[in-house]
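Trainee: when you get a sec, could you give me coordinates for this:
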Amino acid sequence: MGTIYYGGSATPIHIEDRALAHLKVVIATKLRRNESFTVSWQHPTGEPEGRSTLWLHPSIPLRFVFDAPEPPELSRQWIEDLANSANSSGGIQLVTEQVSVTE
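Mentor: Residues are numbered from 1 along each chain as shown. Take a look at the predicted model:
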């Protein structure tokens, strides 16, 4: 389980490592362009039920911490799905990865 630390808040945000790796790519791209946006997600199992939204701004410190020592192989499609939601008025919606099965 990866963790995001945002701004001065000591409250960590827990997101599964693979999802966080994909989210990091999209967030870094938006912040590099000096863009502000929101990111929303459902709370993971083991935390109080619900969902959260965070306003991200380039001037606010942000740190990603991963449990796994090696980065996962990234899915171009998942990054594109997250990037498309990032460019919408609703901001990034952390959706699950869609895996296509080929026979």
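
Trainee: go through this structure and flag its longest helix.
Mentor: In the chain, taking DSSP state H as the definition, the longest helix is helix 17-32.

Trainee: how about the helices in this protein?
Mentor: Using DSSP H, the helices of the chain run over 17-32, 76-86.

Trainee: and the last one with helix 17-32, angle?
Mentor: So the one you mean is helix 76-86. On the basis of axes from the mean of the first three to the mean of the last three Cα atoms, to 10 degrees, helix 76-86 is oriented at 50 degrees to helix 17-32.

Trainee: and the residue nearest the centre of this structure?
Mentor: Centroid check for the chain by Cα atoms, centre = their mean gives Leu23 as the closest residue, at 3.2 Å.

Trainee: thinking again about what came up before, just name the most buried of the helices of the chain.
Mentor: Among those, helix 17-32 has the highest mean neighbour count (mean count of other Cβ atoms under 10 Å), at a mean of 18. Yep, even glycine has a C-beta here, placed from its N, CA and C like the rest.

Trainee: may I have it exported as CSV, CA atoms only?
Mentor: Provided in CSV are the C-alpha atoms of helix 17-32 (Å, rounded to 0.1, in the frame of the first residue of the first chain):
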residue,chain,number,x,y,z
ASP,A,17,1.2,0.8,-5.1
ARG,A,18,0.3,0.0,-8.7
ALA,A,19,-2.6,2.6,-8.8
LEU,A,20,-0.3,5.2,-7.1
ALA,A,21,2.5,4.6,-9.7
HIS,A,22,0.0,5.4,-12.5
LEU,A,23,-1.5,8.3,-10.6
LYS,A,24,2.0,9.8,-9.9
VAL,A,25,2.7,10.0,-13.7
VAL,A,26,-0.5,11.9,-14.4
ILE,A,27,-0.2,14.2,-11.3
ALA,A,28,3.5,15.0,-12.1
THR,A,29,2.6,15.8,-15.7
LYS,A,30,-0.2,18.2,-14.6
LEU,A,31,1.9,19.9,-11.9
ARG,A,32,4.9,20.2,-14.3
